[in-house]
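Student: Got a predicted model here, sequence first, then my questions.
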Amino acid sequence: MFTPPGESAAGLLDLPWREPLAEWTPATTGDRLVEIRQRGLSRHVVRFVSEGGEVYALKELADRLARREYRLLRRLRELGVPAVEVTGAVVDRPGDLDAILVTRFLDSSTSYRALFARPRGGQPTDRLLDALVELLVRLHLAGFMWGDCSLSNVLFRMDAGAFSAYLVDAETAELHPSLSEGQRHYDVDLARERIAGELFDLMAAGTLPPEVDPVAVADDTVRRYAALWDELTREETIRPEEQRYRIAERLRRINALGFDVDEVELVATDEGDGGSRLRVRTRVAEPGHHRRILFARTGLQTEENQARRLLNDIASYRGWLEREAGHPVPEVVAANRWLAEVYEPVVRSIPEELRGRLDEVELFHEVLEHRWFLSEKTGRDVGTTEAARDYCRSVLPTVPEDLIEP
């Protein structure tokens with residue numbers, strides 16, 4: 001039984017579900033098996049297949065666990081927590097065969113092993129930790145105890161030079177109305193242990209930069225988690241004359257971190273000075289303010305940092321349009337002209353043989369960064385067209401190819 005088949009995944013129904021996943025071959029799958037380079041480690045048999053232009057991850061595990069993980073991944077998506085999209089579960093297979101959980105492989109994503117094996121822009125440790133810690137905090141705010149936090153259980157997407165982390169394994173997760181201190185600390189301690197072990201494995205393989213200390217990085221993960229959790233959830237005492245600006249300041253910081261505020265509560269203190277204790281209830285929400293604005297204006301689907309960068313470029317282009325026209329230009333007009341006259345020409349200029357190395361939005365972001373670099377170097381304003389041409393000639397060919405192999 002495949003639940004639910006879904007239109008985009010309907011072609012998966014004729015795969016050899018009655019055979020053990022480890023024994024699938026190109027002949028039995030219609031040459032749809034693909035390999036993922038530098039993938040994370042897994043305790044289960046995991047295979048990847050392509051169908052209808054998409055790649056799906058198939059994981060073989062006990063029926064009870066597959067059903068449970070299916071429900072949890074669906075719930076995570078409903079809550080807006082970054083996680084892979086679960087497509088279905090194949091259960092009640094013949095004999096003693098385990099179930100198979102089917103998830104959609106995250107486009108333009110990569111594993112921590114690939115990032116360390118083929119680093120770009122310096123070693124990725126800080127950016128990886130920031131992304132992983134933010135994901136763990138989002139889970140905890142939503143009442144999810146992960147129970148298996150590790151670099152192997154995350155896929156990373158480039159996001160304007162930073163990373164966004166997506167959970168790919170919820171097999172051991174538990175959903176609660178809220179988490180106790182003990183549950184959170186258990187998750188964090190386990191993450192520390194797993195991350196140190198994974199980095200020691202990279203060290204043994206010779207792919208960890210010599211300046212990276214696995215134990216120090218694991219300890220730093222705990223510190224970063226504690227700092228972010230404190231910023232999002234701590235109570236603070238404020239005087240009456242400070243209330244308006246201190247509350248606004250706190251909310252701005254929380255929003256800047258990509259989180260929403262569900263409730264603000266002021267509780268009188270016992271000091272008798274009219275002071276109040278500020279309690280902020282932070283709501284887990286997928287970072288989306290700038291993404292939503294950009295999508296409404298251009299139809300582009302992006303990560304949050306990418307959206308912020310592109311909106312800045314649209315604002316700059318709008319300023320140029322207004323100077324040229326001598327009158328104000330509406331935002332919607334500027335955004336549409338930017339899309340047609342700046343963004344789309346850059347995307348069309350990518351050589352066919354280099355397409356797919358980066359998703360087009362991240363590539364455009366890198367062209368903007370390259371434009372700034374060239375302008376600084378030459379002492380003049382280098383246009384986007386010239387920057388794109390030089391980027392495709394000198395930078396893009398050095399970007400590692402996609403992780404997916406037929």
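Tutor: The structure has been received and is ready for your questions.

Student: Now do Glu134 against Glu366, distance only.
Tutor: 23 Å (C-beta to C-beta, to the nearest Å). The C-beta positions use only the backbone N, C-alpha and C, and glycine is treated the same way.

Student: try Cys149
Tutor: 30 Å.

Student: Could you check which of these two is surrounded by more residues?
Tutor: Neighbour count, other C-beta atoms under 10 Å: between Cys149 and Glu366, Cys149 has more, with 29 against 22.

Student: Okay, and the beta partners of the most centrally placed residue in the chain?
Tutor: Taking C-alpha atoms, centre = their mean, the centroid of the chain lies closest to Ser164, which sits 2.8 Å from it. Under the criterion DSSP bridges, Ser164 forms beta bridges with Arg157.

Student: I'd say it and Arg157 touch.
Tutor: Yes: proximity of Ser164 to Arg157 meets the contact threshold set by C-beta atoms under 8 Å, at 4.7 Å.

Student: so what sits against both of those two?
Tutor: Both Ser164 and Arg157 are contacted by Glu303, under the criterion C-beta atoms under 8 Å, 6 or more residues apart in numbering.

Student: list the buried ones in the longest helix seen in the chain?
Tutor: Determined from DSSP state H, the single longest helix within the chain is helix 181-205. For helix 181-205, a neighbour-count test (16 or more other C-beta atoms under 10 Å) marks 183-184, 187-188, 190-192, 194-196, 198-199, 202-203 as buried.

Student: CA atoms of whichever helix or strand comes after that helix as CSV?
Tutor: Once helix 181-205 ends, the next helix or strand along the chain (criterion: DSSP states H and E) is helix 214-233. Provided in CSV are the C-alpha atoms of helix 214-233 (Å, rounded to 0.1, in the frame of the first residue of the first chain):
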residue,chain,number,x,y,z
PRO,A,214,35.8,18.5,16.9
VAL,A,215,35.3,18.8,20.6
ALA,A,216,35.5,22.6,20.5
VAL,A,217,33.0,22.7,17.7
ALA,A,218,30.6,20.4,19.6
ASP,A,219,30.9,22.6,22.7
ASP,A,220,30.3,25.7,20.6
THR,A,221,27.1,24.1,19.4
VAL,A,222,25.8,24.0,22.9
ARG,A,223,26.8,27.6,23.6
ARG,A,224,25.1,28.8,20.4
TYR,A,225,21.9,27.0,21.2
ALA,A,226,21.8,28.4,24.7
ALA,A,227,22.3,32.0,23.4
LEU,A,228,19.6,31.7,20.8
TRP,A,229,17.1,30.0,23.2
ASP,A,230,17.8,32.7,25.8
GLU,A,231,17.2,35.5,23.3
LEU,A,232,13.9,34.0,22.2
THR,A,233,12.4,32.9,25.5
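
Student: Name the residues that touch helix 214-233?
Tutor: With C-beta under 8 Å, 6+ apart, helix 214-233 has contacts from 125, 129-130, 132-134, 136-137, 140-141, 184, 188-189, 191-193, 195-197, 199-200, 203, 208, 253-254, 257, 259, 280, 282.

Student: Okay, angle between it and helix 181-205 too, please.
Tutor: 150 degrees (axes from the mean of the first three to the mean of the last three C-alpha atoms, to 10 degrees).

Student: Under the pLDDT cut-off, which ranges of the protein? List them.
Tutor: 1-9, 37-42, 119-122, 160-161, 238-248, 255, 258, 260-289, 401-406 (pLDDT under 70).

Student: Show me how it divides into domains.
Tutor: Domain ranges of the chain: 2-104, 109-232, 236-283, 303-405, per automatic domain parsing.

Student: circling back: output the buried residues of helix 181-205 as CSV; include the columns distance to Val81.
Tutor: Listed next are those as CSV, based on distance: C-beta to C-beta, whole Å:
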residue, distance to Val81
Gln183, 17
Arg184, 15
Asp187, 14
Val188, 17
Leu190, 18
Ala191, 16
Arg192, 21
Arg194, 19
Ile195, 20
Ala196, 25
Glu198, 22
Leu199, 25
Leu202, 27
Met203, 31
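
Student: which one of the residues you listed sits closest to Asp107?
Tutor: Glu198 (24.0 Å; C-beta to C-beta).

Student: And the domains of the chain: which comes nearest Ile293?
Tutor: domain 303-405 (6.4 Å).

Student: Give me the number of neighbouring residues for Ser394.
Tutor: Count around Ser394 with other C-beta under 10 Å applied: 10.

Student: quick one: it and Gly80, what's the gap?
Tutor: From Ser394 to Gly80 the distance is 39 Å (C-beta to C-beta).
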